[in-house]
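Participant: When you get a sec, could you give me coordinates for this:
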Amino acid sequence: MSFDWVTFGFQIVNVLLLLAILRYFLFRPVANVIARRQAETDAALEAVEKAKAEAKAATQKAQAEADATAAARQDVLDQARKDAEAERLALLEKAHAEAEKIVSDGHAAHERNIHENKAQQMARVRDLAAAIAERALTAQPQDVGSYLSRLVASLQKMPPTERGALLKGGNLTLMSAAPLSDSDLALVKSALAPFEINPEFSVAPQLIAGLELQSDSGAIRNSLAHDLEQITEAMRDDGPD
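Facilitator: Below is the predicted model:
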């Protein structure tokens, strides 16, 4: 078999023509596209890096401005605290001075008026004491039976719940201003029998006169001492004529 150089030459020419055609119509456009895409990619990366740098710079600027604002705000707050403290101290000093002046003026006025008012006050006290004693003695019962009637009436008028709490409370005690005689004691027990109670009996001279019932849950005041207290309070509320 002989080698055909002519055919081989034609094939070489065909290959060279094919490569030339491919280079012109394929490789060059593809290379241009790749170069253009690479340029676009580089431009995008450059834009991204630029944006990052700008964002970083903006962040640093904003942080610096925030730090400066915080420092300025802190300075303002510190100055405001100092001003407020100074004003508070000044007001306290002024208030103390005014209070001392008021106290001093009050003492001076008191000293000026004490001698003038002493006689008037003593007269008012005497009049008040006489009026209290007169009212109390006028309305006051004269015997144990009368006080006992008032005590029973008070028990009957009490709401059932309040009365039950009083009578069932611990340390239920009937107090009298003086020791009760046997007859008075029997009268008291008979009057309290409907309430089904058995109180302890105690002597309380501070009552002056009367009978009072008390327990850990409450009390019924029924004595001359209590009447005097009520009359005194009423006359204080009424004031001088």
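Participant: Is I208 in contact with N222, as I believe?
Facilitator: No. The pair I208 and N222 does not pass the contact test of Cβ atoms under 8 Å, sitting 11.8 Å apart. For glycine as for every other residue, the C-beta is placed from the backbone atoms N, C-alpha and C.
Participant: of the two, who's got more company?
Facilitator: Applying other Cβ atoms under 10 Å to I208 and N222 shows that N222 carries more neighbours, namely 23 against 16.
Participant: List the residues that contact the more buried one.
Facilitator: Taking Cβ atoms under 8 Å, 6 or more residues apart in numbering, we find N222 in contact with 147, 150-151, 154, 210-213.
Participant: redo that, cut-off 7 Å
Facilitator: 147, 150-151, 154, 210-212 (Cβ atoms under 7 Å, 6 or more residues apart in numbering).
Participant: by contact count, what packs against the host helix or strand of E49?
Facilitator: With elements delineated by DSSP states H and E, E49 resides in helix 28-139, which encompasses its position. In terms of contact count using 3 or more Cβ pairs under 7 Å, 6 or more residues apart in numbering; DSSP states H and E, helix 28-139 is assigned the packing partners helix 224-238.
Participant: The helix it packs on versus helix 28-139: what angle between them?
Facilitator: Regarding helix 224-238 and helix 28-139, their directions subtend 120 degrees when assessed with axes from the mean of the first three to the mean of the last three Cα atoms, to 10 degrees.
Participant: Spatially central residue for this structure, please.
Facilitator: Centre of the chain computed as the mean C-alpha position; nearest residue by Cα atoms, centre = their mean is R88, 24.2 Å away.
Participant: Distance of it relative to L77?
Facilitator: Between R88 and L77 the computed distance is 16 Å (Cβ to Cβ, to the nearest Å).
Participant: Could you do I34 as well?
Facilitator: For I34, the distance to L77 - Cβ to Cβ - is 62 Å.
Participant: starting at the chain centroid, how far to the lowest-mean-pLDDT helix or strand in the chain?
Facilitator: Comparing every helix and strand of the chain by mean pLDDT, DSSP states H and E singles out helix 28-139 as the least confident one, with a mean of 75. Averaged C-alpha coordinates place helix 28-139 at 20 Å from its chain's average position (Cα atoms, centre = their mean, to the nearest Å).
Participant: Show me what secondary structure element comes after that helix.
Facilitator: helix 144-157.
Participant: Which SSE is immediately downstream of that following helix?
Facilitator: Of the helices and strands lying after helix 144-157 in sequence (DSSP H and E), the nearest is helix 160-168.
Participant: Give me the helices and strands touching that next one, please.
Facilitator: Helices and strands touching helix 160-168, as assessed by 3+ Cβ pairs under 7 Å, 6+ apart, are absent.
Participant: Quick one: list the elements packing against the very next helix or strand once past that helix.
Facilitator: Going down the chain from helix 160-168, the next helix or strand is strand 173-176, by DSSP H and E. Applying 3+ Cβ pairs under 7 Å, 6+ apart, one finds that strand 173-176 makes contact with strand 200-203, strand 211-215.
Participant: Show me how far the shortest one is from its chain's centre.
Facilitator: The reference is to strand 200-203. Using Cα atoms, centre = their mean, the distance between the centre of strand 200-203 and that of its chain works out at 46 Å.
Participant: Many thanks, have a good one.
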